[in-house]
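J.: build the 3D model from these lines:
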Amino acid sequence: MSKNGRILVAMSGGLDSTVAAILFAEQGYEVVGVTMKTWDYQNSGGSKKETGCCSLDSINDARSIAVKHGIHHMILDIRDEFGGFVIDNFIEEYLAGRTPNPCVLCNTHIKWEALLKRANQLDCEFIATGHYAQVRNENDRFVISKGLDDNKDQSYVLWGLTQQSLARTRFPLGQFRKTEIRQMAIDMGYEELAKKSESYEICFVPDNDYRGFLKRKVDGLEEKVAGGNFVTSDGKILGKHRGYPFYTIGQRKGLEIAVGEPLFVLEIKPDSNTVVLGRENELLRKGMWVRGLNMIKYDSMNEPFESVTKIRYKDPGTISMIEQVDNKMKVVFHDEVKAIAPGQSAVFYEDNDVIGGGWIENSFDV
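T.: Okay, here's the model as predicted:
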């Protein structure tokens, strides 16, 4: 046993997880690398060449790096769990007229559970990933905070992690900027890896065409939802659309309708196969309800509390007053925000700390 004990590190074969694993090895940990196989690209039916964290090349890269640094490596096949939960939910959310957030769902219910299960089997005290975030113990709570690099901070996608999971989680890259990690990789002899571009696509939609993915996965979907109406907020029919699951809140491009001015998707009504369109200013809302809370920094919020709330990954956040009502959060923004999409994650911050998060249920005007 090494001087610092044994740690299980998720290794995708990419830059961030590679540097994370090597850093722990250099710090004297006995590192066990695990590469998770979540998805078969041939099952997606897309046209794009296999790339990303589940490709054979990435798995081989992770194994090669591990062997070079004396890291024991294994492949963890979680395709059944992933497909039966994350992908099914992805489809169900679009069919319910919402915009899903599969990465959050996967982190919370699939990847961390799989990592902790294997860590227990291998007598690893901690698990680690290459996420740009930080975690600390404060007042008997394990608190996630933003990574040092604002452009790479990934705390938004980690709000669903439980206290039990966070107690055993390490984020070694949270105190570095991406430029520093790239330089570390070059210094370690991985110049090509440091230059590799990053992908922001959903892993199981490699061609970034979620509409095509839905069509391939749901038999007869186009026929079932075709012919619905585009309408204005006061009910005026503007034309026909291709089917409500193929649109998202805030969408402007690809509507294939001309009325002499730009229109945006304001609301999706699956029961009537109706898509409500309007001007950009009609996307503005003052508040929202958030369901399925997971509280991180505090066990609960007994009083109204001022926070910065993010409604999507790249959202800089808006000052808001949050008030917990049972397992929902009422959020009232100081300034109106645009395109609040049911199904997306809402994450509440106190300075750089994650207070908690949940799933956007609906929006409202005060």
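J.: so what's Tyr210 closest to, chain neighbours aside?
T.: Ile202 (7.1 Å; Cβ to Cβ, 6 or more residues apart in numbering). Bear in mind the C-beta positions are built from the backbone N, C-alpha and C, glycine included.
J.: same question for Ala62.
T.: Gly13 (3.9 Å).
J.: now do the helices in the stretch 51-200 of the chain.
T.: 56-68, 79-82, 88-95, 102-106, 112-121, 163-166, 178-187, 191-195 (DSSP state H, counting those that start in this stretch).
J.: okay, now the domains of this protein?
T.: 6-130+172-195, 223-278, 283-364 (automatic domain parsing).
J.: which of those domains sits closest to Tyr210?
T.: Nearest to Tyr210, of all the domains of the chain, is domain 6-130+172-195, at 7.5 Å by Cβ to Cβ.
J.: before we move on, the earlier item: how much space separates the residue nearest to Tyr210 from Glu323?
T.: 33 Å (Cβ to Cβ, to the nearest Å).
J.: ok, the residue nearest the centre of the chain - contacts?
T.: Taking Cα atoms, centre = their mean, the centroid of the chain lies closest to Cys103, which sits 3.2 Å from it. By Cβ atoms under 8 Å, 6 or more residues apart in numbering, the residues touching Cys103 are Val157, Ile202.
J.: could you list the low-pLDDT ranges of the protein?
T.: The model of the chain has pLDDT under 70 over residues 1-3, 41-54.
J.: let's go with 80 and repeat that
T.: 1-4, 40-56, 197-201, 206, 366 (pLDDT under 80).
J.: wait, a helix at Gly212?
T.: Yes: using DSSP: H, G, I helix; E, B strand; the rest coil, the assignment for Gly212 is a helix.
J.: how many other residues sit next to it?
T.: Using other Cβ atoms under 10 Å, Gly212 has 16 neighbouring residues.
J.: give me the distance between it and Arg168.
T.: 39 Å.
J.: and what of Ile355?
T.: 21 Å.
J.: neighbour-wise, which of those two wins?
T.: Neighbour count, other Cβ under 10 Å: between Ile355 and Arg168, Ile355 has more, with 23 against 20.
J.: that one reaches Ser307, doesn't it?
T.: Yes: with contact defined as Cβ atoms under 8 Å, Ile355 counts as touching Ser307 (5.8 Å).
J.: identify the contacts common to the two.
T.: By Cβ under 8 Å, 6+ apart, the residues touching both Ile355 and Ser307 are Ile322, Phe348, Tyr349.
J.: PyMOL command to pick out the buried ones of the residues you listed?
T.: Typed into PyMOL, the next command selects the buried ones out of the shared contacts of Ile355 and Ser307 (criterion: 16 or more other Cβ atoms under 10 Å):
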select buried, resi 322+348+349
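J.: out of the shared contacts of Ile355 and Ser307, list just those in strands.
T.: Members of the shared contacts of Ile355 and Ser307 lying in strands (criterion: DSSP state E): Ile322, Phe348, Tyr349.
J.: in a markdown table: those, plus distance to Pro206.
T.: Formatted as a markdown table, these follow (distance: Cβ to Cβ, whole Å):
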| residue | distance to Pro206 |
| --- | --- |
| Ile322 | 37 |
| Phe348 | 32 |
| Tyr349 | 32 |
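J.: which member of those is positioned nearest Lys330?
T.: For these, the nearest to Lys330 is Ile322 (7.1 Å; Cβ to Cβ).
J.: settle it for me: which of Ile202 and Glu323 has more neighbours?
T.: Ile202 (20 against 15).
J.: surely Pro262 is in contact with Gly278?
T.: No: contact criterion Cβ under 8 Å: Pro262 and Gly278 do not qualify, at 10.2 Å.
J.: which of these two has more neighbours?
T.: Legend: neighbour count by other Cβ under 10 Å for Pro262 and Gly278, higher for Gly278 (16 against 11).
J.: which strand or helix spans the closest residue to that one other than its chain neighbours?
T.: Closest residue to Gly278 apart from its sequence neighbours, by Cβ to Cβ, 6+ apart: Leu266 at 4.6 Å. Here Leu266 is covered by strand 264-269, with elements defined by DSSP states H and E.
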